[in-house]
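Trainee: Here's my sequence, what's the structure:
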Amino acid sequence: MSEYNINGLAIPLFLIFMLIEYLVLKVQGKDLHRYSDTVTSLSMGLCLLISDALLKAYTFAIFIYLSEHHKLFEFDALSPITWLVFFFAVDLCYYIFHRAAHEINILWGAHVGHHQSEEYNFTTALRQSAFQYGFSWVFYLPLALLGCPPIVFLGLFALLKMYQFVLHTQIVSRIPFIEGIFSTPSSHRVHHAKNPRYIDRNYGGTLVIWDRMFASWQPELAEEPCHYGTTQPLNTLNPIKANLQHWRMLAQDSVQTNLWRNKIGLWFKPTGWRPEDCQDKNINLKQLQKSGCKQREKYDPKSSLGAKIYVGFSFILIILVAIMFIFLAPALDALHLVAGVGLIVFSLVVVNDLLEGNKRFVLAEIIRTPLILWFATILWAIPSTTTNITVVVMNKPAQQVLNYASTPALWPEWHPQSSKIYSPLQRPLITGDKFEEDIITAIGENHLRWDVIERGEKNWQALAENINNGTIIKLEYKVREIDESHTEFTRILEYTVPNFILLVANAVYLKPKMQKKSDEGVARLKVAIEALE
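Mentor: Numbers count the residues shown, from 1 in each chain. As a prediction, this is how the structure comes out:
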């Protein structure tokens, strides 16, 4: 399992793209965003990312297991042929999954959330069902059996998802030469349209050659503009109701139908199928997805300016908490996971309720707002400890090696990060000695205050506080005598970062650099010690 979920850090990038699209559309004189729709779409996107953070590590572990133990063929992850072959294979698996999600009742219930928005813009790309990842991963397992290297699958799957994000826009019209070969904004607009002519067409992810091969292709027509949403209107901003809309209808039909084979079978029937004895009991469900529908008035509840401002600030806080929670999810304990999911999902329900003019949770805000602020401080201050260990053999006696390494006055001569030592002592330091140090790091010059906490015959330990950012560092040197003139030297550097920003910087950038610097330092230390008389 990964130590952190990098998907959390993609949220700010998506928000930047959304802002750019909004500004470009404004320049073009187009008004294709609605405040309430944007908040609901992003709310559902956060729900998906949360479920993804909780599930993906385990489901991907199954892919890795099948790849390692049951693959039929061997492919080289570094070969361009491997990437080309599985580019087409991943895209075909996506097509099969996507078509199944539209054509089987129970699967449509886990996908319908992506189609409920009556707008079409980058926010729609993030509007996904929270339950979709619970089944979609199964469709890619054949790739593991065929021998697709996990790193190749991850890379191609990430490329597919990023490509699909940019398809959800009306900035771009038809693109010459590639229409009908690659998925484009034009072809994907058709996929999201509820026009009867366009319904259930253009399932392709990166390519639409599969649509052309399997009779699901439909180009966008100038004489018939797309209108968006689902045939059965959602008519709510509540993200929980949105996620459960179709399954709720299926559950109602399961209860009402008299035939037992229908009570279970309807879940696996084609989308749009209902038992005959249910079709007249709810006139609102007469039209289902397969039929499509004409253009209708969009669901757009009115809310006050004050409510929108309050929701805006609340939603920014929710996004910040969600970024931290999703990133940290693999490292959190069960209590923090349950608290995080509960607080974030409830907060999303509250802000969308306020945009609908519903005040049922107003009193709950007295508790919810302090709680989510408290949870934000908890996530912000979760420490993270990294350990770098470097081992080398030196052709000098153990005590000579330990004495040299534990003389901080000599550190700038061999350690690439140590620039200056503040200590009057030019000898090996012992327990209780103190000194200070300037170091050069990847994020600038920092100042450390050191305390030597142990000096033994075979080891030396010191603790430091980074005055600039609060990082706590523990340094330990160990020596083990191999023979009279050879020593195994071990350097253990353990550092604990105190806040989320430093944790992210360490996870995505600093950690490998620190290990490299540690290895370089020990290599230079070996040269310096072995040069001694």
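Trainee: Please name the spatially closest residue to D433 (chain neighbours excluded).
Mentor: Of all residues not flanking D433 in the chain, V452 sits nearest, at 4.5 Å (CB to CB, 6 or more residues apart in numbering). No exception for glycine: its C-beta is placed from N, CA and C like everyone else's.
Trainee: mind checking how far that neighbour is from F182?
Mentor: 63 Å (CB to CB, to the nearest Å).
Trainee: So which of the two has more stuff around it?
Mentor: V452 (20 against 17; other CB atoms under 10 Å).
Trainee: so who does that one touch?
Mentor: 429-434, 460-462 (CB atoms under 8 Å, 6 or more residues apart in numbering).
Trainee: W217: neighbour count?
Mentor: 18.
Trainee: let me redo that: A193
Mentor: Count around A193 with other CB under 10 Å applied: 24.
Trainee: so it bridges to which residues?
Mentor: Per DSSP bridges, the residues bridged to A193 are Y228.
Trainee: How about the contacts made by it?
Mentor: With CB under 8 Å, 6+ apart, A193 has these contacts: 199, 226-228.
Trainee: Distance of it relative to Q218?
Mentor: In this view, A193 and Q218 are 9 Å apart by CB to CB.
Trainee: just F315 next, same as before
Mentor: F315 is 36 Å from Q218, by CB to CB.
Trainee: and what of A531?
Mentor: 75 Å.
Trainee: So between those two, which is more surrounded?
Mentor: Of the pair A531 and Q218, Q218 is the one with more neighbours under other CB under 10 Å, namely 18 against 8.
Trainee: Contacts only, for the closest residue to K298 other than its chain neighbours.
Mentor: Leaving aside its chain neighbours, K298 sits nearest to E118 (4.5 Å; criterion: CB to CB, 6+ apart). E118 is in contact with 37, 227-229, 298-299, counting by CB under 8 Å, 6+ apart.
Trainee: Identify the residues contacting stretch 124-131?
Mentor: 14, 40-42, 44-45, 47-48, 50-51, 109-114, 116-117, 164-165, 167-168, 192, 228, 239, 243.
Trainee: can you check stretch 73-85 too?
Mentor: With CB under 8 Å, 6+ apart as the criterion, stretch 73-85 contacts 86, 146-149, 151-152, 155-156.
Trainee: Convert it to CSV, retaining C-alpha atoms only.
Mentor: Below are the C-alpha coordinates for stretch 73-85, written out as CSV (Å, rounded to 0.1, in the frame of the first residue of the first chain):
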residue,chain,number,x,y,z
PHE,A,73,2.7,-13.5,-21.1
GLU,A,74,5.8,-11.5,-20.2
PHE,A,75,6.0,-7.9,-21.3
ASP,A,76,9.0,-5.5,-20.7
ALA,A,77,7.8,-2.4,-18.9
LEU,A,78,10.5,-0.3,-20.7
SER,A,79,9.6,-1.4,-24.2
PRO,A,80,7.6,1.0,-26.4
ILE,A,81,5.8,-2.0,-27.9
THR,A,82,4.4,-2.8,-24.4
TRP,A,83,3.1,0.7,-23.9
LEU,A,84,1.5,0.7,-27.4
VAL,A,85,-0.1,-2.7,-27.0
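Trainee: quick thing: my sequence starts at 367, can you match it?
Mentor: From this message on, residue numbering opens at 367, which makes the last subject stretch 439-451.
Trainee: Quick check: G479 is in a strand.
Mentor: No: the assignment for G479, made by DSSP: H, G, I helix; E, B strand; the rest coil, is helix rather than a strand.
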